[in-house]
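Engineer: All I have is the shape, not the residue letters:
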């Protein structure tokens, strides 16, 4: 369970990281890419922040995540400049790709009947007899 302090720091980081990443994408000439921060989890000692990113279109997500991870020190420095009056120390940033939208899309496809496991038995995993 997150404390109020963790939630507050997570919210501050989330708001500023979105602005930093969107501005960097525009300056880098990447138009038509939407980067959003879906969630930020901060550890209880406030030393690590796990940042979950949702990137659209999804086909450029892996390439973009590698670039974000390689530029992590620059992102942390920019975040420190923005939050210097709110945070004493900026937590270490760990970036993860949020795949919850893909998961939801797969569930919707299954519910619509596009992939019916009753009619197409190949969709079900084979059971092993022990």
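Structural biologist: Arrived safely. Everything numeric here is computed off the predicted structure, so don't read it as measured data.
Engineer: rest of the way, CA atoms for contacts and neighbours
Structural biologist: Noted.
Engineer: ranges for the helices of this protein?
Structural biologist: 4-27, 61-70, 72-82, 100-112 (DSSP state H).
Engineer: show me where pLDDT drops low in this structure?
Structural biologist: For the chain, the stretches with pLDDT under 70 are 113-130.
Engineer: run the last query once more with 90
Structural biologist: 1-2, 22-36, 54-64, 67, 86-88, 98-130 (pLDDT under 90).
Engineer: What is the neighbour count of residue 60?
Structural biologist: By other CA atoms under 10 Å, 11 other residues sit near residue 60.
Engineer: what does residue 100 give?
Structural biologist: Neighbours around residue 100, by other CA under 10 Å: 11.
Engineer: Could you check how far it is from residue 53?
Structural biologist: 10 Å (CA to CA, to the nearest Å).
Engineer: Run through who's touching stretch 14-32.
Structural biologist: Stretch 14-32 has contacts (CA atoms under 8 Å, 6 or more residues apart in numbering) with 33, 34, 35, 36, 37, 39, 40, 51, 75, 78, 79, 82.
Engineer: Among those residues, name the buried ones.
Structural biologist: Buried residues within these, counting neighbours by 16 or more other CA atoms under 10 Å: 33, 35, 36, 37, 39, 40, 51, 75, 79, 82.
Engineer: How about the second one: what's its closest non-neighbour residue?
Structural biologist: When the adjacent residues along the chain are set aside, residue 35 lies closest to residue 55, with 4.7 Å between them (CA to CA, 6 or more residues apart in numbering).
Engineer: Kind regards, and thank you for your time.
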